[in-house]
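quick check, what structure comes out for this input:
(chains A, B, C and D)
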2 protein chains.
Amino acid sequence: MSNGISLKELAAELKLAPSTVSRALNDSYEISEATKKKVISMAEKLNYQPNPFARSLRENKSKTIAVIIPERINNFFAQVMDGIEEIAHEHGYHLLVYSTHEDVEKEKKIVSLLQNKRADAIVMSVSSQTSDVSHLVKLYQRDLPIIFFDRVCSDIPTTKFITNDYESAYEGTKHLIQQGCQKIAFLMLAKELSITKERYRGYLDALKEAGMQPEPTFSLHCCRSDEENIQLITELLKSENRPDGILSSVEKLALATYHSVKKTKLSIPDDLKIITFSNMSSAGLLSPSLSTITQPALTIGQECAKLLIKKLTKPRHNELKDQVIVIPSKLTIRESTMAR
Amino acid sequence: MSNGISLKELAAELKLAPSTVSRALNDSYEISEATKKKVISMAEKLNYQPNPFARSLRENKSKTIAVIIPERINNFFAQVMDGIEEIAHEHGYHLLVYSTHEDVEKEKKIVSLLQNKRADAIVMSVSSQTSDVSHLVKLYQRDLPIIFFDRVCSDIPTTKFITNDYESAYEGTKHLIQQGCQKIAFLMLAKELSITKERYRGYLDALKEAGMQPEPTFSLHCCRSDEENIQLITELLKSENRPDGILSSVEKLALATYHSVKKTKLSIPDDLKIITFSNMSSAGLLSPSLSTITQPALTIGQECAKLLIKKLTKPRHNELKDQVIVIPSKLTIRESTMAR
DNA sequence: TTTAAATACGAAATCGATTGCGATTTTTTA
DNA sequence: TAAAAAATCGCAATCGATTTCGTATTTAAA
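Next up is the predicted model:
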């Protein structure tokens, strides 16, 4: 009894044809209620479990969605995953999860593995290294439904879910200015990333509106390595012309800044104010507590899954339109941006 | 050209039999080098991708491992996942990921979904509500290889990977005592959990060795809700006979404690010292920085995957022995346990 | 009462890759 | 040079569920 029984064996037990049993279990109108009951009862008794691969092979769909994220140890992505999973499970879908670790090569490998339709669709946020998107175009050409979120890929004509990056960055910068900051720096991952572009634009516009000049050294490009980032930020903070405010476009760079500040004689928020995009639940517990722009991660995940499943369920009526859907973030002011 | 071509179509293109093409691609000795080259070259040209479900159906294995964790927004589990994924990908395995959200009912549903061999094996950490394990026994009886980590299930005779829970809790408690704590509390999730049992034992033994009595109100059972936990801990801290030291068996309860402390007039570490099991990278950035017992999460994940893949690759030679493998944690002392 | 239609079910093809076995050709051995 | 052995490759079955088509029985209509 190690491995379950097959449909054929179940049919034999019932002295029925496999086709009949299949139809009975799938509640076909062609089968009488009497036999349906018999079949279902026997199926339960013998704990029959349909083979998912036989079904996938036959129906050419796997009831599986692949999710590709840049990293797992990240509150934002973890929350998005929870949102996706919630909706997916409601509709009987499974989740194949892949992390690129911010590495394009790894991303390419993963994408290549998915070409064989192991998953019915893909939800992804590209790595910070991704600028050439030919590997993603290939997916699109294969007719694999794909949805982007957060770090989107404007070249691929499909639906994207993002937050109001421009406005949030603009508001965050404006807040820093209102709190008295004169020299505001912008911390970013790769500048090719959609989110850094938009957030940078918001940052620049807020500066311009306040009549402030963006200094070149204040646009800091960071990388994957936490150590290097801390080093870079420390240098910036120790430089003669150091900033008195920071808008960090991602959570990890704000944390790196906290580490850097520890290495200097500066103090937050007196010498340096900082606000960051972040979904860290313990932002309020940092020293000092960290002002954040919180993205609607769970909702983003849910919406991605909802749209995708609609598309998978009714392929004709629901195409993935080339559009960007924006779900706004929430500003939470804490100690790190307090005016003295 | 929307969907890829099949083996049969590829064979037709080459004017060969499907069997020959299959063997050529699988590097069979029965095929000449000349045709192998032709086949491989044509396969690349037409971008042939074998159908994974046809293969799974035939070979009765999916090259997929299911991972079940209690929650995703948790540094420990995220790191374990990274470890599992690293090894799994090295061997061409995919990961189906499920989160139970600490809910047994959800856990049962997920486990039930996996009975049909959608995954070749399972790596899991049980939910804090799990006490009855009949749903897991069923998996075992179905011959589905399963490995537990961290929150293990001693009733199931298979391999388990844990950290040295007893010793770490013992050392952590001893450290608190050395720092001058007289009344030490223990924060736990469900008491049925393997990790709380072991960590509690370590806590008790350290107390006993120091000649201290464990007070009943100092063993605090917490739950899933952060709000309720903060409430519970706040009450404890406001009680007449309040503790001056805390050993937290999981990260989230330490964070809840920080929140609770904010609601009282107490201060860490002067009035209350705290150390916790945690894999939070920003533990050093909290106010005050948090002393931690860091589990070897990545290694645990890697070892789980390694063992499982060995078992899947050589089913005869590698049974999953009923044993517990211990990988030690690391104590990191920070401000939260400093003596005045 | 005869015929048409509805009901209930079975036989066999199908999805795509793998593999045991047989057939043919080439090479080796006696 | 004939027989044995090796090298190559094709045919067809197989994995398990679904579905098209067909058939037998029952019911309704004429």
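
in chain A, which residue sits closest to chain B?
Per Cβ to the nearest Cβ, A:Ser287 is where chain A lies closest to chain B, at 2.6 Å. For glycine as for every other residue, the C-beta is placed from the backbone atoms N, C-alpha and C.

residues near the nearest residue to that residue once chain neighbours are set aside, how many?
Sequence neighbours aside, B:Ser287 is the residue nearest to A:Ser287 in space, at 2.6 Å (criterion: Cβ to Cβ, 6 or more residues apart in numbering or on different chains). Neighbourhood size, B:Ser287 [other Cβ atoms under 10 Å in any protein chain shown]: 16.

against A:Cys181, how distant is B:Ser287?
Going from B:Ser287 to A:Cys181 by Cβ to Cβ, to the nearest Å gives 22 Å.

surely the residue nearest to A:Ser287 and A:Leu285 touch.
Yes. At 7.0 Å, B:Ser287 and A:Leu285 qualify as touching, with contact defined as Cβ atoms under 8 Å.

tell me the secondary structure at the residue in the stretch 201-340 of chain A that DNA strand C sits nearest to.
Across the stretch 201-340 of chain A, the shortest distance to DNA strand C (Cβ to the nearest atom of the strand) belongs to A:Pro315, at 16.7 Å. For A:Pro315, the assignment made with DSSP: H, G, I helix; E, B strand; the rest coil gives coil.

give me the number of residues near it?
A:Pro315 has 12 nearby residues by other Cβ under 10 Å.

quick check on it: phi, psi?
phi -60, psi -30 (degrees, to the nearest 10).

got it, and A:Glu319?
Here A:Glu319 shows phi and psi, under degrees, to the nearest 10, equal to phi -90, psi 150.

now the residue lying closest to it once chain neighbours are set aside: how far from A:Val111?
The shortest distance from A:Glu319 to any residue other than its chain neighbours is 7.3 Å, reached at A:Lys311 (Cβ to Cβ, 6+ apart). Distance, A:Lys311 to A:Val111, using Cβ to Cβ: 19 Å.

comparing the two, which shows the higher neighbour count?
Just comparing A:Lys311 and A:Val111: by other Cβ under 10 Å the higher neighbour count belongs to A:Val111, 22 against 19.

next, the contact list for that one, please.
Residues near A:Val111 by Cβ atoms under 8 Å, 6 or more residues apart in numbering or on different chains: A:Ile68, A:His135, A:Leu136, A:Lys138, A:Leu139.

and A:Ile293, which of the three is it?
Assignment for A:Ile293 (three-state DSSP): strand.

wait, it sits on A:Asn279?
No. Checked against Cβ under 8 Å, the pair A:Ile293 and A:Asn279 is beyond contact range at 9.5 Å.

more crowded one of the two?
With neighbours defined as other Cβ under 10 Å, A:Ile293 and A:Asn279 compare such that A:Ile293 has more, 27 against 22.

mind listing what's buried in stretch A:240-249?
The neighbour-count check on stretch A:240-249 (16 or more other Cβ atoms under 10 Å in any protein chain shown) flags A:Arg242, A:Pro243, A:Asp244, A:Gly245, A:Ile246, A:Leu247, A:Ser248, A:Ser249 as buried.
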